[in-house]
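Undergrad: just coords:
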């Protein structure tokens, strides 16, 4: 755990951010948002920390009118204080696309895709990393380190280059070469590890402790979550403030799933949406299905599960750091969890490409297969509106796909 006991307050507060403090969702302990922090300091807790905002002042959603179509349009509910510290490549406000040629499979369900593949560096990681690098810049941090299954490393390399800070990336050797190449091209220091992302995490954490570098490992710092939650704000805004009935989300580290749930809670407090919530579905690879096992086994935390290689690199997370929070969201939403084998992911990826013209990531393709199974089983009910969140571009995974 890294803590730099140095308080840094920006000279100006130009974003209008309503951030008040950081808070541990497990034990409730509050922390200043002006000091570099990672996780809860309580040695019996060590939970992820959430940014908290004063949402009681009647902020109107009408403020969004005319703002740029990026995630920073929601700047009041993001943790940046000074606009000069925002590091952006135009991330966010990705399209929501309806099914067209596969609607006969969806039947009486309206199915839409939230397609994150058009983000900078080709995935939704641009949101979380963009927010984390921006806040790191505001807090005076000059070196950032992360373990990654692929996309987060490329995003960190790009945003660090944009911010003028050093990026150090630990990545499994089995990761497709394109992810390694982009890290090199953006000037990051890349370390390849003979192991999985958990092995990368242990090594990255050790180096962060030795050198005093800031680690942005999934949910081991407060700010990637804030960037990811903007997907929830966009879903609401793009659907005229009416949330879908079901959201399927590919769950590796689970930041986006938790972020969506956080966004819905914040928007209700602001009066932007009502109390209706989607049933959340965590979709995993059969190779790393610890959340699925824990959910259906009525466990409060997940076991370490690593069955080896999966074509969906981002789903090879043997034990998510925030497993307890992921499971809590699934149960609060009356959701479920389901695992998909690689062969079915590959089939779904090809089906979506051939009939919908979208070359999506294998993680996203897993959602289409999960939807079909849940509909067939009757878990998805007639007439329900279903949103599938594709997290990235399939172009980066061609090395993993037998075309």
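TA: Sure, I can see it. All values derive from a computational prediction rather than experimental measurement.
Undergrad: contacts, neighbours, all on C-alpha from now
TA: Will do.
Undergrad: please name the residues that touch residue 29.
TA: Listed by C-alpha atoms under 8 Å, 6 or more residues apart in numbering, the contact partners of residue 29 are 23, 40.
Undergrad: make it 10 Å
TA: Taking C-alpha atoms under 10 Å, 6 or more residues apart in numbering, we find residue 29 in contact with 22, 23, 40, 41, 42, 49.
Undergrad: for burial, what's the neighbour tally of the fourth one?
TA: Under the neighbour criterion other C-alpha atoms under 10 Å, residue 41 is assigned a count of 17.
Undergrad: now residue 123. Nearest residue, chain neighbours left out?
TA: residue 392 (4.0 Å; C-alpha to C-alpha, 6 or more residues apart in numbering).
Undergrad: for that neighbour, list the residues it contacts.
TA: For residue 392, the contact set (C-alpha under 10 Å, 6+ apart) comprises 115-119, 121-125, 151, 314, 359-364.
Undergrad: the protein: helices as residue ranges?
TA: Per DSSP state H, the chain has helices spanning 103-106, 125-138, 151-163, 177-185, 197-211, 223-238, 255-270, 290-296, 323-332, 342-356, 362-376. These are given in chain order.
Undergrad: need the ones you listed in a markdown table (columns: mean neighbour count, distance to residue 88 and mean pLDDT).
TA: Listed next are the helices of the chain as a markdown table, based on neighbours: other C-alpha atoms under 10 Å; distance: least, C-alpha to C-alpha, whole Å; pLDDT from 0 to 100:
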| stretch | mean neighbour count | distance to residue 88 | mean pLDDT |
| --- | --- | --- | --- |
| helix 103-106 | 13 | 36 | 96 |
| helix 125-138 | 27 | 6 | 96 |
| helix 151-163 | 26 | 8 | 96 |
| helix 177-185 | 17 | 18 | 95 |
| helix 197-211 | 17 | 25 | 92 |
| helix 223-238 | 24 | 11 | 98 |
| helix 255-270 | 22 | 19 | 97 |
| helix 290-296 | 21 | 33 | 98 |
| helix 323-332 | 20 | 28 | 97 |
| helix 342-356 | 18 | 30 | 97 |
| helix 362-376 | 24 | 25 | 98 |
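Undergrad: out of those, nearest to residue 303?
TA: Go through these one by one with C-alpha to C-alpha and the one that ends up closest to residue 303 is helix 290-296, at 5.7 Å.
Undergrad: ok, residues contacting that closest one?
TA: When contacts are taken as C-alpha under 10 Å, 6+ apart, the neighbours of helix 290-296 outside the stretch itself are 251-252, 254, 281-286, 297, 299-306, 317-320, 323-324, 326-328, 330-331, 335-339.
Undergrad: in ChimeraX, select just the buried ones from those residues.
TA: With 16 or more other C-alpha atoms under 10 Å as the criterion, this ChimeraX line picks the buried residues out of those:
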select :251,252,254,281,282,283,284,285,286,301,302,305,306,317,318,319,320,323,324,326,327,328,330,335,336,337,338,339
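Undergrad: restricted to strands, list the contacts of helix 290-296.
TA: Assigned to strands by DSSP state E, the following of the contacts of helix 290-296 qualify: 281, 282, 283, 284, 285, 336, 337, 338, 339.
Undergrad: mind showing which ranges of the stretch 1-150 of the chain have poor pLDDT?
TA: Where the stretch 1-150 of the chain drops to pLDDT under 70, the residues are 1-11.
Undergrad: quick one on the thing from earlier: from the ones in strands among the contacts of helix 290-296, pick the one nearest residue 136.
TA: When these are ranked by distance to residue 136 (C-alpha to C-alpha), residue 282 comes first, at 29.6 Å.
Undergrad: isn't that closest one up against residue 327?
TA: Yes - here residue 282 reaches residue 327: they are 9.1 Å apart, a contact under C-alpha atoms under 10 Å.
Undergrad: between the two, what contacts are shared?
TA: Listed as contacting both residue 282 and residue 327 by C-alpha under 10 Å, 6+ apart are 254, 291, 292, 295, 335, 336, 337.
Undergrad: tell me the one of these nearest residue 213?
TA: If you rank the shared contacts of residue 282 and residue 327 by distance to residue 213 using C-alpha to C-alpha, residue 254 comes first, at 23.6 Å.
Undergrad: what about the residue lying closest to residue 244 once chain neighbours are set aside, how many residues nearby?
TA: Distances taken as C-alpha to C-alpha, 6+ apart place residue 385 nearest to residue 244, at 5.2 Å, with adjacent residues excluded. By other C-alpha under 10 Å, the residues close to residue 385 number 18.
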